[in-house]
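>>> Have a look at this prediction, sequence included:
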Amino acid sequence: MTWLRFEAVEKRFGAGADALTAVAPFSLDVAKGAFIAFLGPSGCGKTTLMRMVGGLETPSAGAITLEGAALGAPDRRRGMVFQSYSSFPWLTVEGNVLFGLRYRRDLSRAEKRARAARYLALVGLAAFADAYPGRISGGMRQRVAIARTLAAGSEILLMDEPFGALDAMLRESLQVELRRLQEAERRTVIFVTHDVDEAAFLADRVIVFTPRPARIAAEIDVAARLEGPRTLGLRDTPEFFALRREVHAHVRAASEDVAAGASADAAAVAPEEAPR
Amino acid sequence: MRRAADAWAGAAAGLALMALWEASARFGLVSPQFLPGPSAVAAALARMIAEQALLWHAGVSTLRVWGAFALAAVMAVPLGIAMGSFRLIGAALEPVVDFIRYLPVPALVPLAIIWFGVGEQSKIFLLWLGVFFQLVLMVADDVRRVPREYHEIAATLGGSRLRALVDVALPAMGPTLVDSMRVTLGWCWTYLIIAEIVAADRGLGFVIWQARRFFKTPEVMAGVLLIGLIGLVTDQLLRRAHRRWFAYLRP
């Protein structure tokens, strides 16, 4: 069932000869509750695409629709988790999660506190409720941001390389935790990353992007390939190995295609630009 | 531990400088007419407190500084936030502010007297002039340095642009804002002396200028020293407040 839909979405920055196409016409249907990974090289336009879902950028052409209605300005339905500046340093951990509920008029104070406490417990930070983000680890800070977005009631979590600044071990345990949270909460996740392993481990579907402008190079249906819960042990299974190799091959092919195209272009213009 | 060591280093350097100064006066390296030693200055300071109501003059000056500064800050903070947050407001006002900012305050003293006479108003005006236009630009820069992510988090939680300014930008810029204010408050004293020297019958600038007319160098230096002390104490208090208010910055 289609829930979130990209319809020939395009994004150009600037105008005229200097215009930069960040996203080529891009179409994709996303089912509710799906975990989608946008996998591609840095600067390929996958983040721009995700920001358009959040309403933080507007498409130059095409539309993104949610339940048939075009998405506009940002709202609570689509929550962001950034890599850095993901939580407010002047608020405690609890204050940060409560901030997710700040603009909700439908909840009483007590309800907000209860909800914040629930999500703090869910991400394992109940004991750190009164700590400031500057005094907890980077991994905990990301969990604060996730708890805030979940508590806010966002239906789509937009995550922009949220674990990109963490060390490998912490990253893996947070990936397990995120997947567990997502399976428990059944929120839709769009997870932007350039890490093949991370995309393959987390997602139901991995969308491999070409270098800029963002286009779909390949789509891998991970959910059909990996059964059962995503645990740390999964990484050592032959199924995961094979999957990762396949995703890797797609990523490499996508960048090689473009590299070949670029050198062909360079050869074509070379005569005019030959050094005098 | 480190803080204590820093304090000792500061005190030791200050004492060494004082000793050098006293020695050069005692041994006649410079004429006491021109550079009286610290003991003479301290004696002058005590005399002025006892006989010339120096502390009252200091109080008058401090009130002028704080009054004018408060007025400037109350106006500069919202305007600076508006200039830094809304491109069109910034584009419209920045050239004007930049122009006025470069007008030297002393050159405007005659105008201030024509407009406001020689009373309190012209002094407040001069101080305000010296601080407001500088502070506005600093606040605008402070708000521009707030990470875009903070605004975007607020927006995706359902907060309007205006709410995000109050709920996110203001606390996020808090530490730099207080620093900007601390720096500009110091400048206020510079302009105060100019305002008080030209036309005043009270205040530290007036006292210093009176002493100069009678060539009372120790008195002049005592006045200057007192301004320095007030500045030092204010600055330390503000730094301490900064550490308290923004304790979350320390890991």
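Thanks, I have the structure now.

>>> and the residue nearest the centre of chain A, what element?
The residue lying closest to the centre of chain A (Cα atoms, centre = their mean) is residue A:191, at 2.1 Å. In this assignment (DSSP states H and E), residue A:191 forms part of strand A:188-193.

>>> show me the contacts for residue B:212.
residue B:220 (Cβ atoms under 8 Å, 6 or more residues apart in numbering or on different chains). Just so you know, the C-beta spots here come from the backbone N, C-alpha and C atoms, and that holds for glycine as well.

>>> Quick check: it vs chain A, distance?
Noted for residue B:212: a distance of 48 Å to chain A, by Cβ to the nearest Cβ, to the nearest Å.

>>> Buried residues, the helix or strand containing that residue. List them.
If you go by DSSP H and E, residue B:212 is part of helix B:204-213. Buried residues in helix B:204-213, counted by 16 or more other Cβ atoms under 10 Å in any protein chain shown: B:204, B:205, B:206, B:207, B:208, B:209, B:210, B:211.

>>> Could you do stretch A:54-68 as well?
Under 16+ other Cβ under 10 Å, the buried positions of stretch A:54-68 are A:54, A:55, A:56, A:57, A:59, A:62, A:64, A:66.

>>> restrict these to contacts with chain B.
When contact is defined as Cβ under 8 Å from any Cβ of the partner chain, the buried residues of stretch A:54-68 meet chain B at A:54, A:55, A:56.

>>> Distance of the last one relative to residue A:150?
Taking Cβ to Cβ, to the nearest Å as the criterion, residue A:56 is separated from residue A:150 by 19 Å.

>>> before we move on, what about the second one?
Distance from residue A:55 to residue A:150, counting by Cβ to Cβ: 19 Å.

>>> again with residue A:43
Going from residue A:43 to residue A:150 by Cβ to Cβ gives 29 Å.

>>> which of those two has more neighbours?
residue A:150 (24 against 13; other Cβ atoms under 10 Å in any protein chain shown).

>>> if we can go back for a sec, filter the ones next to chain B among the buried residues of stretch A:54-68 down to the ones in helices?
residue A:54 (DSSP state H).

>>> Spell out the residue ranges of the helices in the chain.
Picked chain A for this. Going by DSSP H, chain A shows helices at A:46-54, A:93-99, A:109-122, A:138-152, A:168-185, A:196-202, A:222-225, A:238-273.

>>> Oops, wrong one, chain B.
Using DSSP H, the helices of chain B run over B:2-26, B:38-51, B:54-85, B:87-101, B:109-116, B:120-144, B:148-156, B:161-164, B:170-198, B:204-213, B:217-245.

>>> residue contacts, residue B:170?
residue B:81.

>>> Need the pLDDT of the closest residue to residue B:178 other than its chain neighbours.
Leaving aside its sequence neighbours, residue B:178 sits nearest to residue B:242 (Cβ to Cβ, 6 or more residues apart in numbering or on different chains; 5.3 Å). pLDDT recorded at residue B:242 is 92.

>>> need the contact list for residue B:242.
By Cβ under 8 Å, 6+ apart, residue B:242 lies in contact with B:175, B:178, B:179, B:182.

>>> so who does the closest residue to the first one other than its chain neighbours touch?
Put plainly, it is residue B:175. Of all residues not flanking residue B:175 in the chain, residue B:246 sits nearest, at 4.7 Å (Cβ to Cβ, 6+ apart). For residue B:246, the contact set (Cβ under 8 Å, 6+ apart) comprises A:90, B:174, B:175, B:178.

>>> how about the residues of the stretch 1-150 of chain B near chain A?
The interface of the stretch 1-150 of chain B toward chain A, taken as Cβ under 8 Å from any Cβ, is made up of B:147, B:149, B:150.

>>> try it again with 6 Å
With Cβ under 6 Å from any Cβ of the partner chain as the criterion, the stretch 1-150 of chain B comes near chain A at residues B:147, B:149.
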